[in-house]
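S.K.: Fold the following and give me the result.
(chains A and B)
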Amino acid sequence: NAGVTQTPKFRVLKTGQSMTLLCAQDMNHEYMYWYRQDPGMGLRLIHYSVGEGTTAKGEVPDGYNVSRLKKQNFLLGLESAAPSQTSVYFCASSYPVYEQYFGPGTRLTVT
Amino acid sequence: DQQVKQNSPSLSVQEGRISILNCDYTNSMFDYFLWYKKYPAEGPTFLISISSIKDKNEDGRFTVFLNKSAKHLSLHIVPSQPGDSAVYFCAAPSDRYAGNMLTFGGGTRLMVKP
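M.R.: Below is the predicted model of the structure:
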């Protein structure tokens, strides 16, 4: 099992550009999440999904969109990147229990 | 709204000694807490958890203590090893969202010196 994988690992964007981060899990988990990690801020929930075809907003959803067309994939989109979105992004998945499994992260820099 | 706070951003300990990482929470309604460990350039990994029916849970060198009256939990690592150097996050169930969402503390960077 690969667990949770994220693509890409690194990316540099210019302000206003768009991109999509891909998360895939092979554990048949129902729940998937996108977090961002900033120094001293811990992990903050951006969006989450409790099942295929469903998504919901988390703590910091502005500037991001998500889609979960297939159970194993959860996509995070930035339509018009801003420097404030420079961060490390983590995807996670879980069964309907509290323990979450995290991907390796995507380091995004917006200049 | 569940708040989880780790008031010590960093901790330095000598190899072989005890490391104690602390976490405070605000909402006493929830009764399950988790610790995650994160190495640089990797995602967080689940370390240990505790529910409120216990005040202590032990897994090898790692023990988590829960003080419900003080709304405080702590992670003890004994003996500390250089490989334990990482960022540790405590987490508690969030009361803001459907599903099993977690609220994370800001993290404590542990450095174990050889």
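S.K.: Can you find the residue of chain A that comes nearest to chain B?
M.R.: Residue nearest to chain B within chain A: A:F102 (3.3 Å; Cβ to the nearest Cβ). The C-beta positions use only the backbone N, C-alpha and C, and glycine is treated the same way.
S.K.: Give the burial count for that residue, as a bare number.
M.R.: 23 (other Cβ atoms under 10 Å in any protein chain shown).
S.K.: tell me which parts of chain A are close to chain B?
M.R.: Selection of chain A residues close to chain B by Cβ under 8 Å from any Cβ of the partner chain yields A:4, A:31, A:33, A:40-45, A:48, A:50, A:56, A:58-59, A:90, A:92, A:94, A:96-105.
S.K.: Please narrow the residues you listed to those residing in strands.
M.R.: A:4, A:31, A:33, A:42-45, A:48, A:50, A:56, A:90, A:92, A:94, A:101-102 (DSSP state E).
S.K.: Quick check: ChimeraX command selecting the buried ones in those residues.
M.R.: In ChimeraX, a selection of the buried entries from these looks like this (16 or more other Cβ atoms under 10 Å in any protein chain shown):
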select /A:4,31,33,42,43,44,45,48,50,90,92,94,101,102
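S.K.: what's the pLDDT at the residue nearest in space to the middle of chain A?
M.R.: By Cα atoms, centre = their mean, the mean C-alpha position of chain A lies nearest to A:W34, the distance being 3.1 Å. With respect to pLDDT, A:W34 scores 97.
S.K.: thought it was touching A:G77?
M.R.: No. Applying Cβ atoms under 8 Å as the test, A:W34 and A:G77 come out as separate, 10.2 Å apart.
S.K.: what is in contact with these two at once?
M.R.: Common contacts of A:W34 and A:G77 (Cβ atoms under 8 Å, 6 or more residues apart in numbering or on different chains): A:L21, A:Y64, A:V66.
S.K.: Excluding chain neighbours, what is closest to the last one?
M.R.: Counting by Cβ to Cβ, 6 or more residues apart in numbering or on different chains, A:V66 lies nearest to A:H47, which is 4.2 Å off, once chain neighbours are set aside.
S.K.: Does anything pack onto the helix or strand bottoming out on mean pLDDT in chain B? Which helices or strands?
M.R.: Ranked by mean pLDDT, DSSP states H and E, the weakest helix or strand in chain B is strand B:102-104, scoring a mean of 90. Strand B:102-104 makes packing contacts with strand A:42-51, strand B:86-93 when contacts are defined by 3 or more Cβ pairs under 8 Å, 6 or more residues apart in numbering or on different chains; DSSP states H and E.
S.K.: Pull up the pairing partners for the shortest one, direction included.
M.R.: Think strand B:86-93. strand B:32-38 (antiparallel), strand B:102-104 (antiparallel), strand B:108-113 (antiparallel) (DSSP bridges).
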